[in-house]
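> My questions concern the predicted model and sequence given below.
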Amino acid sequence: EVQIGLVPDAGAMHFLNELCEPAVGMYAAVTGGRLNAKDTLDQRLGTHFVRSSDVQALLCALQLCPANEHLVAVDRAVTPCTTRSVLEPLRSQLDACFGTDVVRKGLVATSEQAKARMEQARVLRESCGWRTREQADEEFQFLEEVTGALAKASPDAVATTFVAMEFARKAKVTPEQARNLEYVLQRSFCAAPDFAEGVEC
């Protein structure tokens, strides 16, 4: 949402704080970064994995079976998730840029930390063996995406999301409280020029 001048909604300020590790929740909220299937399951944002090739068959099975057998149909479609975690190898970078210690210092500290870490990864990438270089490349690409997302997003939306997420985490807001908070914020952002510009882009 920050990419189009809005803040996260649909209760995200609750579930990103309640279910995800703090650094992952803040990363997803302020950058709009997407999690793959493995990371979604690891962060408890998903409970079952169904291959995209099996989704249509599952939908048909759900339509045909009695309501009390829906879970049985889902269980039949579930397969082990063999996707590699994208975030696990980036754990130190996530914690350094979006962990609670950095968050307390504010958004500028997060952005500066990401840029500093990106420079470290650049130096490491140019001075190491292929296995370490592969890891450095991953970290550099991730940090480049983070700094790029922060730079491209609406500054007001990012700053507001950052503060609201931290408030929601500390206050331990309920899903209903989160939706009310998001509604108030969305109403003000919908009237702002960043939203109209973000939708056009």
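Cool, got the structure. Numbers count the residues shown, from 1 in each chain.
> what pLDDT does Ala159 get?
We have a pLDDT of 82 for Ala159.
> Need the nearest residue in space to Ala149, chain neighbours excluded.
Thr31 (4.0 Å; C-beta to C-beta, 6 or more residues apart in numbering). Where C-beta positions appear, they are placed from N, C-alpha and C, glycine not excepted.
> Distance-wise, check the one you found relative to Leu62.
34 Å (C-beta to C-beta, to the nearest Å).
> and if you look at Asp95?
From Asp95 to Leu62 the distance is 39 Å (C-beta to C-beta).
> Return the residues in contact with the nearest residue to Asp54 once chain neighbours are set aside.
The shortest distance from Asp54 to any non-neighbouring residue, by C-beta to C-beta, 6+ apart, is to Ala77 (5.3 Å). Residues in contact with Ala77 (C-beta atoms under 8 Å, 6 or more residues apart in numbering) are His48, Val50, Asp54, Ala57, Leu58, Ala61.
> Narrow the residues you listed to those that are buried.
The neighbour count (16 or more other C-beta atoms under 10 Å) marks Val50, Leu58, Ala61 as buried among the contacts of Ala77.
> for the spatially most central residue of the chain, what are its contacts?
Closest residue to the average C-alpha location of the chain: Ala28 at 2.0 Å, with C-alpha atoms, centre = their mean. Listed by C-beta under 8 Å, 6+ apart, the contact set of Ala28 reads Leu16, Cys20, Arg34, Leu35.
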